[in-house]
Every structure is written in structure tokens, then in C-alpha cells.
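S.K.: coordinates only, sequence not included:
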């Protein structure tokens, strides 16, 4: 069954209404543009079910998109320590619903205002507006997941709050339009993806970690 992210319904309703109103008044180029935007909103806010093969030793992709960073980096907003950083870039054509990489409990969620540079750039992780979530994985300890706004994306939505439990592959938020997700994992994690690989939220295994 086709379904959509709840955050998309205002956009879908507004553009659908504009299309219908324009068509009733006079069919012209305004109607065509409104129709194209309406179709795009339906496409962009799609929220398909995913088959998550849950595994306590693995971390699942939190977002659809392309792997653009795999490196060691200091996570200085929550943990203040060096971590293995994996970044996923989402284009406007990707599904933008974010999913939990592991089972766990949300310990902290912080919103950081900032710029709206291209999310593909390295410094977007620091300078752009973003939401950082500290997640205590049941089997791996604390990890950090960061939702980062991009040039077009102006708002990230985190649906969970401190104290909430999440399940691996479960929906926990969305970023509107092109954007990026950074994942900070333990240093002894074995990454299974490479740069430029395409991944799917809730399905692609990013990495394993021995227990």
C-alpha cells in the first residue's frame, strides 16, 4: 500500500488544491507547473515499508542515498571523542524518511541552527542547521546520528525524544528535500560499504561490530 510521511501532507494538500483550482479557473502554464509540483510532492514524501533483517551485531543505514564519507573523526557535540564517521547524502529523488540503525534508547536530542550550504560538502556537517541524536544502542553503547539540512532542505524533523525506545529499522524522523545524515560509530566497527555505494534506509547493512 502506498503511504506518505505525515510531514508531507501539508505540501501535498496545498499543491493538489492549487492544481485543481487553477484547472477549474483556466488551464494554462500555471496549472502545468502546479501539477508537476504536486506530482513531485507525492513522490518526495513517499514512505515505503522496508524489510529490516534485524541483527544485534549490525548497524543498518539510517537514510537512503550515497555514501560520501568513511573516516575517523571527532564527534564533539555529544561524546567528545574520536569515532568512525559514515555520511550518507540524500538527493531530492531519494526517500527522506530516517530510520534507526540499531535497537536502543534515545538519550539526548539537540537542535543546532546554522547555514544551508550544499550537504555534500565536508563542512556542512559542522556549519549547517542540524539535529543531533545520542542513541544508546542495546548492544553497542552510545552512537550519534546527525540529520543535516542542505541547500534546499530547510528543516529536519526528529520524531523521538529522550527516553524513547527505537527498534532497528524503525522510522524516527525525516529531512525535507536534499540533505545528509552522519553516523558516528565505535572505532572497532567493521564497515561493509564503500564510497559512492547506494544504500537504503532500514535495509542496507552499513557495518558490523563483534560483541
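M.R.: Alright, I've got the coordinates. These numbers were taken from a predicted model, which means no experiment stands behind them.
S.K.: Kindly state the domain boundaries assigned to this structure.
M.R.: Domain ranges of the chain: 6-44, 58-208, per automatic domain parsing.
S.K.: Tell me which of those sits most buried.
M.R.: The highest average neighbour count among the domains of the chain, using mean count of other CB atoms under 10 Å, belongs to domain 58-208 at a mean of 19. Bear in mind the C-beta positions are built from the backbone N, C-alpha and C, glycine included.
S.K.: measure that one end to end?
M.R.: Using CA to CA, to the nearest Å, one end of domain 58-208 lies 4 Å from the other.
S.K.: From the chain's centroid, how far away is it?
M.R.: Relative to its chain's centre, domain 58-208 lies at 6 Å (CA atoms, centre = their mean, to the nearest Å).
S.K.: on that earlier part again, would you reformat the domains of the chain as JSON lines and include distance to residue 50?
M.R.: Putting these into JSON lines (distance: least, CB to CB, whole Å) gives the following:
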{"stretch": "domain 6-44", "distance to residue 50": "17"}
{"stretch": "domain 58-208", "distance to residue 50": "3"}
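S.K.: could you dump these to JSON lines with mean pLDDT?
M.R.: Listed next are those as JSON lines, based on pLDDT from 0 to 100:
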{"stretch": "domain 6-44", "mean pLDDT": "91"}
{"stretch": "domain 58-208", "mean pLDDT": "90"}
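S.K.: closest to residue 52 out of those domains?
M.R.: domain 58-208 (2.8 Å; CB to CB).
S.K.: could you say which helix or strand contains the most centrally placed residue in the chain?
M.R.: Among the residues of the chain, the one closest to the centroid is residue 98, at 3.9 Å (CA atoms, centre = their mean). Assigned by DSSP states H and E, residue 98 falls within strand 97-99.
S.K.: Also residue 24?
M.R.: Per DSSP H and E: residue 24 is located in helix 9-25.
S.K.: before we move on, the earlier item: pop out the phi and psi values for the nearest residue to the residue nearest to the centre of the chain once chain neighbours are set aside.
M.R.: Spatial nearest neighbour of residue 98, chain neighbours left out: residue 173 (4.5 Å); criterion: CB to CB, 6 or more residues apart in numbering. Dihedral pair for residue 173: phi 180, psi -170, per degrees, to the nearest 10.
S.K.: Residue 173 pairs with what?
M.R.: Per DSSP bridges, the residues bridged to residue 173 are residue 98, residue 158.
S.K.: show me where this structure has strands.
M.R.: Ranges of strands within the chain are 58-60, 65-75, 81-90, 97-99, 104-112, 130-137, 141-149, 156-158, 165-166, 171-175, 179-185, 190-191, 198-199, 205-208, based on DSSP state E.
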